[in-house]
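> With the input below, show me the fold.
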Amino acid sequence: MFSSFVVMLLMVGSSIALFTDYYKDERITSLNRSNQALTKQLQHMSTKVNELDGRMQTVEQNDDDLRVFTELPRIDPDVRKAGTGGALGDYVDVDLNSLPEGVKSETKRVNHMLSVLEKRIELHFDNIKDVKDKIASDNAQLKHTPSIRPVEAGRITDKYGKRLDPFIERVKHHNGVDISAEIGTEVYSAAAGVVIAAKSTYSLGQGYGRHVIIDHGYGYRTLYGHLSEVWVKEGQKIERWDVIGLVGNTGRTTGPHLHFEVHKDDAPVDPLNFFLN
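Sure thing, here's the model as predicted:
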């Protein structure tokens, strides 16, 4: 009886041992499959990260080109490299010691590159904001910079610079240009701005007669003299091509024409440099 019990125990023990060995083998096989799958995923991630790094280099080159185009200073290469150094392990939050050495080092490398890419992407978005702000500022300045003839028709009878004054018969500096045109010809604002002077009253034979002065900002002002009619008022906001009055023969003049001046930082400059059309 005792011998039968011993045999039974041995059989049960053998069965348990066989089952345990089988379970261990199956678990090891399963773990090996999982490790192989994870290794493949890691290799795939590594390839994708390398591709992203290449694309990011192209984006950064485009960033530099945009900054040159908008006259912004290039981003210092040292700034772009910020955060690319340091130990690879600094970017890994889990214990990798149980992994094979090759998998462990590649995991650290991928995590490190992802962290660096994140910082480079943040820098890219900061750069895009800088470029957009610069373009908006440039567009505003262009909008407020004189750039058209204030009358479409007519010829220039007197240019900017020294000339023989027809009234005193002496050489004198002419602060603007005179554009001959028929009385009643429409006069356009050369750029966006605010009317700071709209003079409808004048003394016969003196000064600019009826005239308009517009402050365009960015240091620019324009003057439109000898008008027959003034169509704007002080404080009025003006856009380029808005009609501000009509050509006339008022003030100190020898005939119908528009006297047009451009001032930059309180000094007269040659208006012909601003006739871009």
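> What are the boundaries of the strands in this protein?
Using DSSP state E, the strands found in the chain span residues 155-158, 161-165, 170-174, 177-180, 186-188, 193-199, 210-217, 220-230, 237-238, 243-247, 257-264, 267-269.
> Neighbouring strands - and their directions - for the fifth one?
Which is strand 186-188. strand 243-247 (antiparallel) (DSSP bridges).
> Domain map for the chain?
2-143, 155-272 (automatic domain parsing).
> Do I have it right that G176 meets P268?
Yes: assessed by C-beta atoms under 8 Å, G176 is found in contact with P268 at 7.0 Å. For glycine as for every other residue, the C-beta is placed from the backbone atoms N, C-alpha and C.
> Give the residues shared as contacts by the two.
Y160, E261, V262 (C-beta atoms under 8 Å, 6 or more residues apart in numbering).
> can you give me the end-to-end distance of stretch 184-199?
17 Å (C-alpha to C-alpha, to the nearest Å).
> Give the rounded mean pLDDT of that stretch.
Average pLDDT, stretch 184-199: 97.
> Pull out the buried residues from that stretch.
185-193, 195, 197-199 (16 or more other C-beta atoms under 10 Å).
> and which of those residues is nearest S137?
Within the buried residues of stretch 184-199, proximity to S137 (C-beta to C-beta) peaks at A192, which comes in at 14.4 Å.
> Distance check, that closest one against S200.
23 Å (C-beta to C-beta, to the nearest Å).
> again, but for H144
Distance from H144 to S200, by C-beta to C-beta: 25 Å.
> Neighbour count: these two, which is higher?
H144 (20 against 15; other C-beta atoms under 10 Å).
> How about the contacts made by that one?
So H144 contacts A191, A192, G193, H216, G217, Y218, Y220 (C-beta under 8 Å, 6+ apart).
> Quick check: closest non-adjacent residue to it.
Leaving aside its sequence neighbours, H144 sits nearest to H216 (C-beta to C-beta, 6 or more residues apart in numbering; 4.3 Å).
> Tell me who's in contact with that neighbour.
Counted by C-beta under 8 Å, 6+ apart, H216 has contacts H144, T145, P146, A190, A191, A192, G193, T222.
> all helices of the chain, in order?
2-69, 77-80, 101-143 (DSSP state H).
> how about low-confidence regions in the protein?
1-39, 42, 81-104, 166-168, 205, 277 (pLDDT under 70).
> contacting residues around I214?
S189, A190, A191, G193, V194, V195, I196, R221, T222, Y224, I238, I244.
> from the buried residues of stretch 184-199, which single one is nearest K119?
A192 (40.8 Å).
> and the residue nearest to V177 when sequence neighbours are not counted, how many residues sit next to it?
Distance criterion C-beta to C-beta, 6+ apart; nearest residue to V177, sequence neighbours excluded, is P271 at 4.9 Å. For P271, the count of nearby residues is 24 (other C-beta under 10 Å).
> quick one on the thing from earlier: tell me which of G176 and P268 has more neighbours.
Taking neighbours as other C-beta under 10 Å, G176 and P268 compare with G176 leading, 24 against 16.
> how about the nearest residue to that one, chain neighbours excluded?
E261 (3.5 Å).
> Please report the distance of that neighbour from V269.
9 Å.
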